[in-house]
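Novice: how would this look folded up:
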Amino acid sequence: MTAFVRRRLGIAMSDTSPILLWFRRDLRLSDHPALSAACDTGRPILPVWILDEVVARHGACPKWRLGLGVEHLAGVLAGRDSRLILRRGKAVDVLRDLVRETGAGAVSGRVSTTPTARRAIPP
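Specialist: Below is the predicted model of the structure:
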């Protein structure tokens, strides 16, 4: 793994703690920059999807389509001996709880640039 990737994720060279990989709307595994960077660390990756306040405000059809995507992602991960962690609640609180529960040393994911999504996670 390159020093650039470690700096980007804020990871010490000797760190072996898991990385929480937060999937939001980008549910693909191929060509996923955050997933690639997390894989480059050699650390365990814990995939997470959160039904947060941003998703809760979607209409019925977008929620249905997103649900199908999450179900597919969970199936693909299961086929690769992994498990998608599903949670519900305010994203920042859920992520903090998961860090405590898992001992994760980092949280990674794709950044959403919509105003609603930016308000969900404070800087």
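
Novice: how about the CA coordinates for stretch 57-66, as CSV?
Specialist: Taking Å, rounded to 0.1, in the frame of the first residue of the first chain, the C-alpha atoms of stretch 57-66 are listed here in CSV:
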residue,chain,number,x,y,z
ARG,A,57,-37.0,11.5,3.2
HIS,A,58,-37.0,9.7,-0.2
GLY,A,59,-40.3,8.8,-1.8
ALA,A,60,-41.6,5.3,-2.1
CYS,A,61,-40.2,4.5,-5.5
PRO,A,62,-36.6,5.7,-4.8
LYS,A,63,-36.7,3.8,-1.5
TRP,A,64,-37.9,0.6,-3.3
ARG,A,65,-35.1,0.9,-5.9
LEU,A,66,-32.5,1.6,-3.3
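
Novice: and it, how far from the chain's centre?
Specialist: 19 Å (CA atoms, centre = their mean, to the nearest Å).

Novice: and it, what's buried?
Specialist: Leu66 (16 or more other CB atoms under 10 Å). All C-beta atoms are positioned from the backbone trio N, CA, C, and that covers glycine.

Novice: center of the protein - which residue?
Specialist: In the chain, the residue lying closest to the centroid (CA atoms, centre = their mean) is Trp22, at 0.8 Å.

Novice: so what's the residue nearest to Ala106 when sequence neighbours are not counted up against?
Specialist: Of all residues beyond its chain neighbours, the one nearest Ala106 is Ile19 (4.7 Å), with distances taken as CB to CB, 6 or more residues apart in numbering. Counting by CB atoms under 8 Å, 6 or more residues apart in numbering, Ile19 touches Leu9, Ala38, Thr41, Arg43, Pro44, Ile45, Leu46, Ala104, Gly105, Ala106, Val107, Ser108.

Novice: ok, back up a step: hey, what's the residue nearest to the centre of the chain bridged with?
Specialist: Legend: beta-bridge partners of Trp22 under DSSP bridges are Val48, Gly109.
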